[in-house]
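Asker: Build me a model from this:
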Amino acid sequence: MRLLFAAWALSALLATGCARRSAPVEASAKEQAPEAVAVRVATAESRQLARTLSATGSLAADETVTISSEVAGRVAEMRVDFGQSVRQGEVIAELDKREFALQLERSRAALAQALARIGLDPSQEEAAPDSTPAIRLAKAQLEDACFKYENAARLVKTGDVSQERFIELEKMCHARQAAYDAARDELRTALANIRALRAEVKLAEKRLNDATVRAPFEGSISARLVSPGQYLKDNAPIATLVKTHPLRLRVEKGELKEAEKIGAAAAKVLVRNHGHRYFGWELRQGQFHYFEHPVNFARERACEGKYVIQTEEPDLSPVEAVAAYKQLNEVERGFAHLKGLLEVRPVFHHKDDRVRAHVFVAALAFLLDRALEKKLRAAKSSLSSPAAWQALETVRCVRVEVGARSRLCVTRGGRQAAEVLKILRLTELDPPKPPEGEETVM
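Answerer: Prediction:
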């Protein structure tokens, strides 16, 4: 009986303890339960999505031009800045026009002076008169002298005029004729001078107009190279203009309206800029569409950025093959430089010994060029071998003759030539004395 009572008491105690501990667990479970989330349900559908490519590179414009001024002057105003879009004929920059205006005024004054000499005013600039006051005066004097001469020719026969007077009037008539011809010649000279002065006026007007620099075509400013107040020489660069989106501009101007013509023009652009290796195009429902080419794009992506060098030497490592290839480039550059170094014109040889001699001279010149390049690098000089050869051209051997004496002298050249000679350790430049006897001409 006691055993049953103990078992009942133990079971009641356990039940009470379990009940007390389970209540907080259920409460915490209720507190940590997630809230309900609203879900929207939509019908699945098929749709084409445009693919966007992100790439790093530079855009090549269809046309690029460096805008410069044909005249020299100081920049008065810059009308554009980097990235600004401009239209054809829009002002890019203006130079100081005061000097050009004065030159134009001086040319016009000289033209007016030349016109006044032949009896014209500036409003009659295009006129070409047949006579001038000087010609009319010479003509009147000629007619008077001829009239007197004709009368004297009749009177000399009757003895009313002496022979000396007749000869004097005859010479006077010839003199007046010469003066009249000279006046007409002066008119032709004056007219030629006027034409020259008209050209000077037009040139002065052109220089004045050239002081205003305008855009040759529609595009965008990719570089601004000068600032106001800066003095420029003629043909000095002012800005760089690029023509972007030429196809879009042609469409906007109405030059291309039909979809087929737009597609053909786009195909030409793709081929010219090698875009056909990546993209394709098609016309769908009268509209132009371009897309990644399913075959070409994958092929170019697999080969893009890789450089292949093929060699017949199996023992060369990749690094050695690349180094040998770069040496080949140096050899090709050297042989391309040999003609200018030797100053040899193209020669066509028809005999084996002449061919071998020509190759030997070229190889010897290349060896000298490589030796000079090696010396320059060892001395850590900033000069390249072509620049060094050009500097050495200032060192000349000249013959100085004073009376009966003759002597060979060598010029010392410029600063760079002195640097090259110092690197080569060439200090004795005076030529050796020639042997006695007659000179041998080869």
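
Asker: And Lys157, which helix or strand is it part of?
Answerer: If you go by DSSP states H and E, Lys157 is part of helix 133-158.

Asker: Report the mean confidence score over that helix.
Answerer: Taken as a whole, helix 133-158 has an average pLDDT of 84.

Asker: list the contacts for Leu408?
Answerer: Cys397, Val398, Arg399, Val400, Pro431, Pro434 (Cβ atoms under 8 Å, 6 or more residues apart in numbering). Just so you know, the C-beta spots here come from the backbone N, C-alpha and C atoms, and that holds for glycine as well.

Asker: Okay, and the beta partners of it?
Answerer: Beta-bridge partners for Leu408, by DSSP bridges, are Arg399.

Asker: State the distance from it to Gln177.
Answerer: Distance from Leu408 to Gln177, counting by Cβ to Cβ, to the nearest Å: 67 Å.

Asker: repeat for Thr311
Answerer: 94 Å.

Asker: Mind listing what's buried along the helix holding Lys157?
Answerer: Across helix 133-158, burial judged by 16 or more other Cβ atoms under 10 Å covers Ala134, Ile135, Ala138, Lys139, Gln141, Leu142, Ala145, Cys146, Lys148, Tyr149, Ala152, Val156.

Asker: Equivalent analysis for stretch 71-86, please.
Answerer: Val71, Gly73, Val75, Met78, Arg79, Val80, Val86.

Asker: Assess the claim that the third one and Pro228 are in contact.
Answerer: Meaning Val75. Yes. Counting by Cβ atoms under 8 Å, Val75 does reach Pro228; the two are 5.2 Å apart.

Asker: Can you list the low-confidence ranges for the stretch 201-350 of the chain?
Answerer: Regions of the stretch 201-350 of the chain meeting the criterion pLDDT under 70 cover residues 244-260, 269-275, 285-288, 305, 329-347.

Asker: Strands along that one, start to end?
Answerer: Using DSSP state E, counting those that start in this stretch, the strands of the stretch 201-350 of the chain run over 212-214, 219-224, 231-232, 237-243, 279-284, 287-292.

Asker: so the longest one versus strand 219-224, what angle?
Answerer: Just to be clear, that refers to strand 237-243. Calculated by axes from the mean of the first three to the mean of the last three Cα atoms, to 10 degrees, strand 237-243 forms an angle of 140 degrees with strand 219-224.

Asker: list the helices and strands strand 237-243 packs on?
Answerer: Applying 3 or more Cβ pairs under 8 Å, 6 or more residues apart in numbering; DSSP states H and E, one finds that strand 237-243 contacts strand 63-68, strand 91-95, strand 219-224.

Asker: And the fifth one, by the same measure?
Answerer: Contacts of strand 279-284 with other secondary structure elements, assessed using 3+ Cβ pairs under 8 Å, 6+ apart, are made with helix 259-272, strand 287-292.

Asker: from the chain's centre, how far out does it sit?
Answerer: With Cα atoms, centre = their mean, to the nearest Å as the basis, strand 279-284 stands 36 Å off its chain's centre.

Asker: Neighbouring strands - and their directions - for it?
Answerer: Strand pairing for strand 279-284, determined by DSSP bridges: strand 287-292 (antiparallel).
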